[in-house]
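>>> need a 3D model of the sequence below.
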Amino acid sequence: QVQLVESGGGLVQPGGSLRLSCAASGSISNYNAMGWHRQAPGNQRELVASITSSGSTNYADSVKGRFTISRDNAKNTMYLQMNSLKPEDTAVYYCNVGATTLSGSYYPFGPWGQGTQVTVSS
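Numbering: from 1, shown residues only. Presented below is the predicted three-dimensional model:
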């Protein structure tokens, strides 16, 4: 089973940027889709962005235009570029592998890692 390790989180001021990385222990080309999720204190984990093996992407409305998801199959790594960060983006960010339904919706099925903390505060 693939193991995923998130990194790149930290403390950033509102309006700042961070780039998260998700390193996989095996080939990510085996997976039809991958995604970034986040969980803020007291909230359920939510999907932030997903990307398919063909490069199609989807974003939560709250991050559209600010976040960009990408994957590098050669490096077995997925990324999340986060710009114009807001305090409400504060959360633990997790990555996962998954697949898509016939209607194109992404769903995760891999193991959850430790995540990486993102804190947006002045």
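>>> output the lowest mean pLDDT helix or strand found in this protein.
The helix or strand with the lowest mean pLDDT-type score in the chain, counting by mean pLDDT, DSSP states H and E, is strand 106-108 (a mean of 90).
>>> ok, the residue nearest the centre of the chain - contacts?
Central residue of the chain (CA atoms, centre = their mean): residue 36, 2.0 Å from the mean position. Neighbouring residues of residue 36 by CB atoms under 8 Å, 6 or more residues apart in numbering: 20, 22, 47-50, 69, 78, 80, 93-95. Backbone N, C-alpha and C define where each C-beta goes, glycine included.
>>> which SSE is immediately downstream of the helix or strand encompassing it?
Using DSSP states H and E, residue 36 falls within strand 33-39. Once the chain leaves strand 33-39, the next helix or strand it forms, by DSSP H and E, is strand 46-52.
>>> for that next one, what is the average pLDDT?
What strand 46-52 shows for mean pLDDT is 96.
>>> mind listing residues that contact that strand?
32-39, 57-60, 63, 67, 69-71, 78, 80, 93, 98, 100, 106.
>>> isn't residue 19 up against residue 83?
No: counting by CB atoms under 8 Å, residue 19 sits too far from residue 83 to count as a contact (9.5 Å).
>>> no further questions, thank you.
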